[in-house]
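Participant: Generate a structure from the sequence data that follows.
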Amino acid sequence: MEAHEGEQDILVPQEQKIEVIDEDKHYNNCDDSSHLVANRNNPDEKDPTLMRPQDCDEENAGMDEIEVPNSSVLVRMNYREKKGSRKKKRVKYAMLLVICIFMIVGVCLGSVLWIRAGKSNNNTNARNPQEAQADKGDDNDSTDPNNSTDIGSDTDGTGVINDKNTIRLVDTPAGRYVQENFGQVTRDALELEGSPAYDALAWIINDDVANANYGFENMINDTDTAIAFQQRFAAATFYNTHNGTDWNPEGVNWMSEKDICEWEGLTCGRFGDTDVFRNLSDFKGAPFVTKIDLRNKNLAGPLPAEIGLFTELKELILTSNWISGTLPMQLFSLANLEAIDLYDNNLSGELPTEFSNLNELTGLYLGMNQFEGPIPNEWAQMGKIQQIWLNSNKLTGVLPTTFSNTLEEIDLRNNQIGGPLPVGYASMPKLAILNLENNSLTGGIPDVFAGSVLKELYLGSNSDLFTDVDENGNFFPMVIFNMEYIEVLKLDGCGIAGRLPSLDYNTQLTNLRVLNLDNNKLIGNIPAPWGRVGSLVGLHMANNNFMWNLPWTFRNLGSLTELDLSQNSLTGQIPNGVNFDRDWGSGFGSLQIMKLDGNQLIGQIPPLPPTLVEIYLNDNKLQGPIPGSLVKLTALETFTFQNNLIQNVPEEICQMNLGSLIGGCDLDCPCCTDTC
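Facilitator: Residues are numbered from 1 along each chain as shown. Sure thing, here's the model as predicted:
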């Protein structure tokens, strides 16, 4: 029966049957187009609405034909089937989308955590694929310089490190050695990119020549190489810490491939070279740095903790630089130190008590810095100390009651130390030099110092040192006359008052070379016996209130080179040739500087000692012409005579071409050097 025109649905008689296209074909998918039945109106097309029942309905399997339902029913069935298929696809796509989102989030989160871990460790990775084996514990890395790349540097110069073939700096053999053998401060520094220690390790690892020479990549089981690495690492860190590129003059061979024993200022030794090492080991392999001498090189910055890696260091000499900060505790682990010279730097903080741990230390020079606080009493335990220089700091408190019996010299001048002079210093058997100038000491000089072995005692500018005067206003430290070994005695500006005592020059102060009593309150005359102390080289009594005549006995001071009696009230004439045996001009013998200015001297200038280099006679009442005999003073350089009654200057004096000839602006003197 044919379909009616205009009908939308195709009507198929129920009794009509469709032949099976291929009875032998096996269909596994009901959606497969290969199983569709031919369309009645167009046999070349396959109708998707007509399905083979034997492939989709197991209950009717084996049937060769099937009844076709009404076409409208087929259309509705087809619509439901397509709708269900689309729904399944949307669910599938949604699931795939969710899975992708989770994967992206996981990758991003992992990257963030990895980056943060990398930043927290401040590690810069190596680019050498051979060194990547270090993460697996391979200590036998290749040292082929042709295959090496810089640890801690970028791969292409752009600043971006290639993570594919890199490892952390601390995971190299050298880095692991540092982590296992060095102190915490150094280990922490390796986690900070750009620190002196970090840069030192990176430099060593990337130095292919040094690695080839010393085998740093196999150091862990090699004692010689480990020692060489430790010393090289310490030196490189020292260089980086103290701005080595700014040293002046430049440090020769520093940061080169050469052995550090060839680096300027470093001296090396080996085990067995000295008594210090002899009992420790017979090992005489790799050298140790035993001396660092980099004085006046413009070093700046704090001493690094890695100074403690120079385990056999004996002498540390860094005088006259710009080293700042406090002293690192690692310095006090260097048990072999004999001398520490950090004089004239900018070090600060309190003086560490740990200096007492350095049992081999003989010289400690910390003057001209910014140390403050008291001197630790524990320093008395330094069993071999011979010299301590702490001058020109900001030290306070009182003096330690004693020091080691080995001490020979203490220099504490220019501080703010107060209190009395400890009596214990008088019994120190080797103490020869005690310098306490310009402090705030009180109490005078204890009588027990009469038995001391002191040769030089400097107590000047302690203005309250002598304040206990007697009823006549006199106070003079008589104990000095019994100090048998004293050679230099400086008591200027100490508040000494009254008359200058006489002395027995045959038995007292027989070794005295320099006496300084400037800027005190001494009065009266200068006793003649002081002119019989034949050992005197320098005599300073300026700015007191001495009166009367100059002692003629001074001409007997044949060793005297400097005489300063300026700014007193001395009167009379300069001893002349009236009595030849009392003539200053034929006496002395070694006098170079004579200062008599600021007194009330009268008369003419007599012949003066021919050895004079400087003469100061200004501000007196001298008169008459300058004697022509002055031309015999062939060594004369300075002559001042202004503010006197001198009338003229002989032409021969002008011809001497003195460096300084000062006669005053009121005098007609064409050759004088006054600025008027």
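
Participant: I'd like the average pLDDT over stretch 180-190.
Facilitator: Averaging pLDDT along stretch 180-190 gives 89.

Participant: swap in stretch 493-500?
Facilitator: Mean predicted lDDT for stretch 493-500 stands at 93.

Participant: Over to stretch 427-443?
Facilitator: The pLDDT scores in stretch 427-443 average 96.

Participant: And that stretch, what's buried?
Facilitator: Using 16 or more other Cβ atoms under 10 Å as the test for burial, stretch 427-443 gives 428, 431-442. To be clear about C-beta, it is placed using only N, CA and C from the backbone, and glycine gets the same treatment.

Participant: Can you check the distance spanned by that stretch, start to finish?
Facilitator: 18 Å (Cα to Cα, to the nearest Å).

Participant: Pull the distance from that stretch to the chain's centre.
Facilitator: With Cα atoms, centre = their mean, to the nearest Å as the basis, stretch 427-443 stands 31 Å off its chain's centre.

Participant: can you check stretch 553-562 too?
Facilitator: Mean-position distance between stretch 553-562 and its chain equals 49 Å (Cα atoms, centre = their mean).

Participant: before we move on, what about stretch 231-242?
Facilitator: 11 Å.

Participant: Likewise for stretch 663-675?
Facilitator: 53 Å.

Participant: Pull the residues that contact that stretch.
Facilitator: With contact meaning Cβ atoms under 8 Å, 6 or more residues apart in numbering, stretch 663-675 is reached by 618, 641-644, 646-649, 653-654, 658-662, 676.

Participant: Looking at those residues, which are in strands?
Facilitator: Counting by DSSP state E, these place 646, 660-662 in strands.

Participant: Nearest to I307 among these?
Facilitator: Using Cβ to Cβ, S660 comes nearest to I307 of the ones in strands among the contacts of stretch 663-675, at 49.3 Å.

Participant: Which pLDDT value goes with the closest residue to that closest one other than its chain neighbours?
Facilitator: Using Cβ to Cβ, 6 or more residues apart in numbering and skipping residues adjacent in sequence, the residue nearest S660 is T638, 4.3 Å away. We have a pLDDT of 94 for T638.

Participant: Please report phi then psi for T638.
Facilitator: The phi/psi pair for T638 (degrees, to the nearest 10) reads phi -130, psi 130.

Participant: What residues does it make contact with?
Facilitator: Shown in contact with T638 (Cβ under 8 Å, 6+ apart): 613-616, 658-660.

Participant: if we take those, which one ends up nearest to G367?
Facilitator: E614 (29.6 Å).

Participant: Kindly tell me how buried the closest one is, as a neighbour count.
Facilitator: Neighbour count for E614, taken as other Cβ atoms under 10 Å: 17.

Participant: Could you number the chain from 475 rather than 1 from now on?
Facilitator: Sure thing, new numbering starts at 475, so read that last one as E1088.

Participant: ok, now how distant is it from L1037?
Facilitator: Distance from E1088 to L1037, counting by Cβ to Cβ, to the nearest Å: 11 Å.

Participant: where do the contact lists of these two overlap?
Facilitator: 1067-1069.

Participant: Neighbour-wise, which one of those residues leads?
Facilitator: M1068 (24 neighbours).

Participant: Show me what the helix or strand hosting it is packed against.
Facilitator: Under the criterion of DSSP states H and E, M1068 resides in strand 1067-1069. In terms of contacts (3 or more Cβ pairs under 8 Å, 6 or more residues apart in numbering; DSSP states H and E), strand 1067-1069 is packed against strand 1036-1038, strand 1088-1090.

Participant: Give me the contact list for the last one.
Facilitator: Applying Cβ under 8 Å, 6+ apart, the external contacts of strand 1088-1090 come out as 1040, 1066-1071, 1082, 1110-1114.

Participant: Also the first one?
Facilitator: Residues lying outside strand 1036-1038 but in contact with it, judged by Cβ under 8 Å, 6+ apart, are 992, 1011-1016, 1028, 1031, 1065-1069.

Participant: how far out from the middle of the chain is it?
Facilitator: Its chain's average C-alpha position is 43 Å from that of strand 1036-1038, according to Cα atoms, centre = their mean.

Participant: Strand partners (parallel or antiparallel) of the following helix or strand past the strand holding M1068?
Facilitator: Next in sequence after strand 1067-1069, counting helices and strands by DSSP H and E, comes strand 1076-1077. In the sheet, strand 1076-1077 lines up against strand 1095-1098 (parallel) (DSSP bridges).

Participant: what sits up against the strand it pairs with?
Facilitator: 1074-1079, 1115, 1118-1121.

Participant: Now, of the contacts of stretch 1137-1149, which are buried?
Facilitator: Neighbour counting by 16+ other Cβ under 10 Å classes 1092, 1115-1118, 1120, 1123, 1127, 1132, 1135-1136 among those as buried.

Participant: out of those, which are inside helices?
Facilitator: Cross-referencing these against helices under DSSP state H gives I1127.

Participant: so which of the buried ones among the contacts of stretch 1137-1149 comes closest to D966?
Facilitator: Using Cβ to Cβ, those come closest to D966 at N1092, 21.8 Å.

Participant: Now tabulate the contacts of strand 1088-1090 in CSV and tack on distance to G657.
Facilitator: Shown next, in CSV, are the contacts of strand 1088-1090 (distance: Cβ to Cβ, whole Å):
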residue, distance to G657
S1040, 59
Q1066, 57
I1067, 56
M1068, 62
K1069, 58
L1070, 64
D1071, 62
L1082, 68
L1110, 64
E1111, 59
T1112, 59
F1113, 65
T1114, 63
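
Participant: which of those lies closest to G1102?
Facilitator: Using Cβ to Cβ, L1082 comes nearest to G1102 of the contacts of strand 1088-1090, at 12.4 Å.

Participant: Helix or strand with the lowest mean pLDDT in this protein?
Facilitator: The weakest-scoring helix or strand in the chain, judged by mean pLDDT, DSSP states H and E, is helix 749-752 (a mean of 37).

Participant: Mind listing what's buried along the next helix or strand after that helix?
Facilitator: Next helix or strand after helix 749-752 toward the C-terminus (DSSP H and E): strand 762-767. Neighbour-count burial for strand 762-767 flags 762-766 (criterion: 16+ other Cβ under 10 Å).

Participant: Switch these over to a markdown table; also include pLDDT and distance to N833.
Facilitator: Listed next are those as a markdown table, based on pLDDT from 0 to 100; distance: Cβ to Cβ, whole Å:
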| residue | pLDDT | distance to N833 |
| --- | --- | --- |
| F762 | 91 | 19 |
| V763 | 95 | 20 |
| T764 | 95 | 17 |
| K765 | 96 | 19 |
| I766 | 97 | 20 |
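
Participant: in this structure, which spans are helices?
Facilitator: Assigned by DSSP H, the helices in the chain fall at 527-530, 545-595, 647-655, 658-663, 670-680, 682-688, 697-715, 749-752, 1125-1128.
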